[in-house]
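Asker: Please work out how this folds:
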Amino acid sequence: MVDLLIRNGTLVTSEGILRADIAISGEKIDGVGTPGSFTGAAKEYDARDKYVMPGLIDPHVHAAHPFRNQVSDDDCYTTMVSAAHGGTTCIIDFAIQWDKNKSIIETIDLRRKQLESDAVVDFGLHATPTKSSRETIEAVSGAILQGVPSFKVYMIYRTQGRMVDDAVLHGLLEEMRGKNALLMVHAENAPIAEFNQELALAQGRNRASEFPLVKPNIVEAEAVNRAVYLNKVAGSGLYIAHLSTKEGLEIIRNAQVQGQRVLAETCPHYLTLTGETYKRSDGERFICSPPLRSQDDLDALWRGIADGTISVVSSDHCGFGTEQKGLGKGDFSETPNGLPGIETRLPVIYTEGVLKKRITLIQMVEVLSTNAARIFGLYPRKGSIRPGSDADITIFDPNDTRVLTADKLHGAVDWTPYDGMRTQGFACATILRGKFIVSEGRLRVERGFGKFVGREIKPETWPC
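Answerer: Here you go, the predicted model:
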């Protein structure tokens, strides 16, 4: 007898779509078979007229992100609650070296403890160094031993103390070559953005509508080009975070055609919203980096997902509420960057992608789950529904239609970038390691149920 039998669902994985029953024993998938092929279960769930998918994975999440003397309204717990309600069973957050007196390993340990006590979904970490020194490069091997084989670096935010220079960026790429590690890069050209911002502020142009002019497409595209070239020289692997421009996309596409190991993600807001949003009376809420772009960029990114150039759609969730977004009193330079979106990722991508025939249902599962598992060292433990895999499952109702409003979501943020958007398709149940963590609209587990997941990157599984 198995512990849980999911019956009559339509299984959607990267390998295809079929009607299937799924048997679960303990925390693992026990078997996948045709409807009616399993008998005897302690508990059954009828998934008729539902899609059954691998638990979603969000590899780019900022929980409890600091801004000056406070942190985002969405803390570690509420971010994970939102994730669970959105069908996400595993996130990867960031161990940012805010305190430069602490080593990368100490920073990882501290962040892990912060998340573990509040976790309701499983989680991993990206090491995020802020020191341009040999110490940063030498930390790679130790982080790998801690189950943290991915680093993220910022090519911008010099004044915030987060930026690393090109020497360390290149050094990390060289150090990671052959070590089964991966470098994620926030690619923006710091000198151009800083120059543009100083000029805009000197001229009194500090409103949200000026923000995309401070960081035009060249700011991202040049930094992507530089990182791609450094990766080519190093012969390593590179992951471009939150891609937003058609120019950056073309650079990545060309690199992939030439055989480089360059991967890319984008986010729902770059696929649905444009820079015109900054002209709204509440435009400062939408300040994020890179900025929202043009319709041409948006359309190009969808094509990039469809042709496989972009492998992942992450949320880049950073949950600052309206009061926090108003701290700058409309001045973009004083406004915290980042948008909430971890809970709405699935319905937005299904509505705007699958229903509008920009991507297929299988591609949606790939960019929301399987590809992230393959890239970041979670596959086939996660991102897959096969015997022996973690029983992480998202049950998705494609006929559930709603108008998105903040009061219907489950985090601490009092607004959503998609307010008023009519969407179709929502997670109706989320299963993590064989246990329902969300069902019937309710959270079913306590803080601490989620576990830290150590990862082992295997480049041979990458989707490019």
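Asker: tell me what the one helix or strand residue 123 maps to is packed against?
Answerer: In this assignment (DSSP states H and E), residue 123 forms part of strand 122-128. Applying 3 or more Cβ pairs under 8 Å, 6 or more residues apart in numbering; DSSP states H and E, one finds that strand 122-128 contacts strand 88-96, helix 104-116, strand 150-154. For glycine as for every other residue, the C-beta is placed from the backbone atoms N, C-alpha and C.
Asker: Report pLDDT for residue 159.
Answerer: pLDDT for residue 159: 89.
Asker: Check the secondary structure at the nearest residue to it once chain neighbours are set aside for me.
Answerer: Spatial nearest neighbour of residue 159, excluding adjacent residues (Cβ to Cβ, 6 or more residues apart in numbering): residue 194 at 7.6 Å. Secondary structure assignment for residue 194 (DSSP: H, G, I helix; E, B strand; the rest coil): helix.
Asker: Now do residue 194 against residue 416, distance only.
Answerer: Residue 194 sits 31 Å away from residue 416, going by Cβ to Cβ, to the nearest Å.
Asker: what does residue 124 give?
Answerer: For residue 124, the distance to residue 416 - Cβ to Cβ - is 26 Å.
Asker: And the two? Which one has more around it.
Answerer: For residue 124 and residue 416, the more surrounded residue by other Cβ atoms under 10 Å is residue 124, and the numbers stand at 24 against 21.
Asker: who's in contact with that one?
Answerer: Listed by Cβ atoms under 8 Å, 6 or more residues apart in numbering, the contact partners of residue 124 are 90-93, 147-148, 376, 378, 452-455.
Asker: neighbours around the residue nearest to it when sequence neighbours are not counted, how many?
Answerer: Once flanking residues are discounted, residue 124 sits nearest to residue 92: 4.4 Å by Cβ to Cβ, 6+ apart. For residue 92, the count of nearby residues is 25 (other Cβ under 10 Å).
Asker: isn't residue 92 right up against residue 60?
Answerer: Yes - counting by Cβ atoms under 8 Å, residue 92 does reach residue 60; the two are 7.0 Å apart.
Asker: Wait, a strand at residue 42?
Answerer: Yes - with three-state DSSP as the criterion, residue 42 is assigned to a strand.
Asker: Excluding residues flanking it in the chain, which one is nearest it?
Answerer: Per Cβ to Cβ, 6+ apart, closest to residue 42 is residue 3, 5.1 Å.
Asker: So the one you found sits against residue 44, correct?
Answerer: No - if you go by Cβ under 8 Å, residue 3 and residue 44 don't touch, sitting 10.5 Å apart.
Asker: of those two, who's got more company?
Answerer: Neighbour comparison, residue 3 and residue 44: the larger count goes to residue 3, with 17 against 14 (by other Cβ under 10 Å).
Asker: How about the contacts made by the more buried one?
Answerer: For residue 3, counting by Cβ under 8 Å, 6+ apart, the contacting residues are 24-26, 41-43, 434.
Asker: ok so, going back, how many other residues sit next to the residue nearest to residue 159?
Answerer: 15.
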